[in-house]
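Chemist: structure for this input, please:
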Amino acid sequence: NQGNGVSLILSSVIDATGAHLWENRGVGIVMRTGSAGELHDSAVNANESQGIEVSGHSTLDIFGGMVRWNGDHGVWVSEHAFLRPIDAQVGNNIGHGLVIGRDDGAILEGESGVEENTESFQIVCQGKEASVDIVPPAHAGPMDCPDPEF
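Modeler: Residues are numbered from 1 along each chain as shown. Below is the predicted model:
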């Protein structure tokens, strides 16, 4: 696509299994304004911008699969949004693996990993009200989060 791969707005829903969202000129998946979804064993790779953007009261659960080789951050969570990767890998992105904006959150579960992205911090929290919880055996490289379990 010349723009984003999949765009969800106004309470739209995505439920994808085995999807390959690759090589879009924009973001692989954009979720805005109360959208929700699940990705199962899917790959959001090699997009020119972020792999996934979850914003505006949206939520996304990622079961298995990967977010890799994107031209910017792997996943950007902003504007009161929530992300839950379970057994998913976020790595090798140009930028941070996961950026969590103010008033947003993420919980990494299962065998999830956020590592080997080009920026030194793998997870960045933008402000004290950004929240990340890493439930072992999930793991991540260095984080810049003032209060990782707000």
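
Chemist: contacts and neighbour counts: CA atoms only from here.
Modeler: OK.

Chemist: state the distance from the one residue sitting closest to the centre of the chain to G37.
Modeler: Geometric centre of the chain, nearest residue: V75, 2.8 Å, by C-alpha atoms, centre = their mean. Look at V75 and G37: by C-alpha to C-alpha, to the nearest Å, they are 15 Å apart.

Chemist: same thing with M143?
Modeler: 26 Å.

Chemist: and A43, what are its bridge partners?
Modeler: H20, M66 (DSSP bridges).

Chemist: also L98?
Modeler: V75, I123.

Chemist: residue contacts, it?
Modeler: Applying C-alpha atoms under 8 Å, 6 or more residues apart in numbering, we find L98 in contact with 73-77, 90, 114, 122-124.

Chemist: tell me the most packed of those residues, by neighbour count.
Modeler: Counting neighbours by other C-alpha atoms under 10 Å, G74 leads the contacts of L98 with 36 neighbours.

Chemist: need the pLDDT of that one.
Modeler: At G74, the pLDDT value in this model is 98.

Chemist: now it: how far from N45?
Modeler: Relative to N45, G74 is positioned 9 Å away (criterion: C-alpha to C-alpha).

Chemist: quick check: neighbours shared by those two?
Modeler: Joint contacts of G74 and N45 (C-alpha under 8 Å, 6+ apart) are 51, 67-68.

Chemist: which one of the residues you listed is nearest to A16?
Modeler: Nearest to A16 out of those is V67 (C-alpha to C-alpha; 14.3 Å).

Chemist: might one say that that closest one is in contact with N45?
Modeler: Yes. V67 lies in contact with N45 (C-alpha atoms under 8 Å); the separation is 5.5 Å.
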